[in-house]
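**Q** Fold the following, please.
(one chain, ligands or ions: 1)
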Amino acid sequence: METPRIALVGANGYGLHHRRNLEPRRRSGEIAFVGLCDTAEIYEDDTIPLAGLPVYDDYLTMLDETDPHVVVIATPPPTHLPIASAAMRNGSDVYLEKPPVANLEEYAALYSTMVETGRNVQVGFQALGSHAFNALRDAVEAGRLGEITSVGVAGSWRRPDAYYRRSPWAGKREVDGTLVADGALANPFAHASQQAIALAGDWPLAGPIELERLRCRESIEVDDTAVWRATNKNGVRITVAVTVCGDRKLEGDIYVRGTEGEAWLEYTTDRLILPGETEAKQYGRTDLLDNLLAHRQRGIGLISGLRRSKTFTGVLERVLNDPVPRLVGEEHLERAEDDTVTILKGADRAVEEAAKGGRLFSELDLPWG
Ligand SMILES: NC(=O)c1ccc[n+]([C@@H]2O[C@H](COP(=O)([O-])OP(=O)(O)OC[C@H]3O[C@@H](n4cnc5c(N)ncnc54)[C@H](O)[C@@H]3O)[C@@H](O)[C@H]2O)c1
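**A** The predicted structure is shown next:
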């Protein structure tokens, strides 16, 4: 079988993660790393040497000259549709970073190109490769939780103010007239929403998406603390409550509640407690690039195919079209650490309560809610 030829667009930022993932596979001969493209100067160190790797600043030239089997795309979201479409038209399969696209119109365009070209799109929602996720779905399907009524996610992280200076689109609602997907819900916690939608059975949502977004920094135009809630067409209520202004860390706690039992999954670490268990069990993960290669070579099912992120894209569209979030009053904030972090007092408890009880912030007894 021919060694898969892989190219990467977007070499710095999250592209570094992909380069670190590709490097051992390249060294072992499992893949051929045929080209790297970035419009900026490419960062290099000993763990990810460029050593003879063809480097491009134009992805069309790279596609033409390297003819990859798979193109990994880790560029900012507004560039995803043109780059992924060009790659598929070139005959390549695509590993497309999340969010695949910013709205349902772009989703439809990408989906049509995928169908027309007969290529594959794996979306970089890596937590869907979790074996804990599969064990939980298996438990649900075996009836161990009864009928599922709700799925809630709580995430409480800290981001230094410098986080919003990491790239030209950081903290922005719009760049050059295009809505960009930053903000806690749209970016770092995108996985929380996708994971909740998938755990609730991958059903579309029914009715409106209720949304409350707040920001604790005047300098940003996006949410750093937010909650959304909706019910899916199978009657499961989904609540996703997150903050990057949390005092206490909550990695990403998912509470799945059924008529006969509850389960807890930490989606970032693959730890799971099923009904009747008292201690969290640690599970492994299938890497989504390996899964895409196995799909190409042996027909193994794609874990995070484009179709699976359609509902997520609807949620993202709703979030991106929301106005600039309400600014929280200074009296509710604290500054911590040397590399200044803004803490919203009580946000860690609030996201936990919201996720457990299916509540919006405005329905909790919060001074800033
Ligand atoms: N799966 C995850 O957990 C995860 C984590 C972080 C980021 N991401 C996703 O990865 C993507 C990239 O995010 P980022 O924070 O690294 O962004 P970024 O702004 O740092 O850009 C990444 C790189 O793409 C390059 N680039 C931009 N436009 C380009 C173009 N037209 N052609 C070639 N290169 C181009 C930039 O120069 C940069 O080096 C986003 O979709 C983001 O949501 C995913």
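**Q** Could you double-check that residue 196 sits in contact with residue 254?
**A** Yes - Residue 196 lies in contact with residue 254 (CB atoms under 8 Å); the separation is 6.5 Å. Where you see a C-beta, it was placed from the backbone N, CA and C, and this is true even at glycine.
**Q** okay, and the common contacts of the two?
**A** 151, 152, 153 (CB atoms under 8 Å, 6 or more residues apart in numbering).
**Q** between the residues you listed, which has the most around it?
**A** residue 153 (28 neighbours; other CB atoms under 10 Å).
**Q** who's that one bridged to?
**A** Note on residue 153: beta-bridge partners residue 240, residue 254, judged by DSSP bridges.
**Q** so what's the residue of the chain found nearest the ligand up against?
**A** Closest contact between the chain and the ligand, by CB to the nearest ligand atom, is at residue 13 (2.1 Å). By CB under 8 Å, 6+ apart, residue 13 lies in contact with 74, 166, 167.
**Q** top of these by neighbour count?
**A** Per-residue neighbour counts (other CB under 10 Å) across the contacts of residue 13 peak at residue 74, which has 22 neighbours.
**Q** and the closest residue to residue 14 other than its chain neighbours, what does it touch?
**A** Closest residue in space to residue 14, ignoring its immediate chain neighbours: residue 74 at 4.8 Å, by CB to CB, 6 or more residues apart in numbering. The contact partners of residue 74, taken as CB under 8 Å, 6+ apart, are 8, 9, 10, 13, 14, 15, 17, 18, 97, 124.
**Q** among these, which ones are buried?
**A** 8, 9, 10, 13, 15, 18, 97, 124 (16 or more other CB atoms under 10 Å).
**Q** Closest one to residue 321 out of those residues, please.
**A** Comparing the buried ones among the contacts of residue 74 against residue 321 with CB to CB places residue 97 closest, at 21.4 Å.
**Q** Tell me the pLDDT of the closest one.
**A** On pLDDT, residue 97 comes in at 98.
**Q** how near is it to residue 271?
**A** Counting by CB to CB, to the nearest Å, the separation of residue 97 from residue 271 is 25 Å.
**Q** Who does the helix or strand harbouring residue 33 pair with, and is each partner parallel or antiparallel?
**A** In the assignment (DSSP states H and E), residue 33 maps to strand 32-37. Using DSSP bridges, strand 32-37 pairs in its sheet with strand 5-9 (parallel), strand 55-56 (parallel).
**Q** Tell me the buried residues in stretch 334-352?
**A** Quick answer for stretch 334-352 (16+ other CB under 10 Å): 341, 342, 343, 344, 345, 346, 347, 348, 349, 350, 351, 352.
**Q** Please apply the same query to stretch 259-275.
**A** 261, 263, 265, 266, 267, 268, 269, 270, 271, 272, 273, 274.
**Q** that older thread, any chance of the buried ones among the contacts of residue 74 in CSV, with secondary structure and distance to residue 159 too?
**A** Formatted as CSV, the buried ones among the contacts of residue 74 follow (DSSP: H, G, I helix; E, B strand; the rest coil; distance: CB to CB, whole Å):
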residue, secondary structure, distance to residue 159
8, strand, 26
9, strand, 26
10, coil, 21
13, coil, 15
15, helix, 20
18, helix, 22
97, coil, 19
124, coil, 20
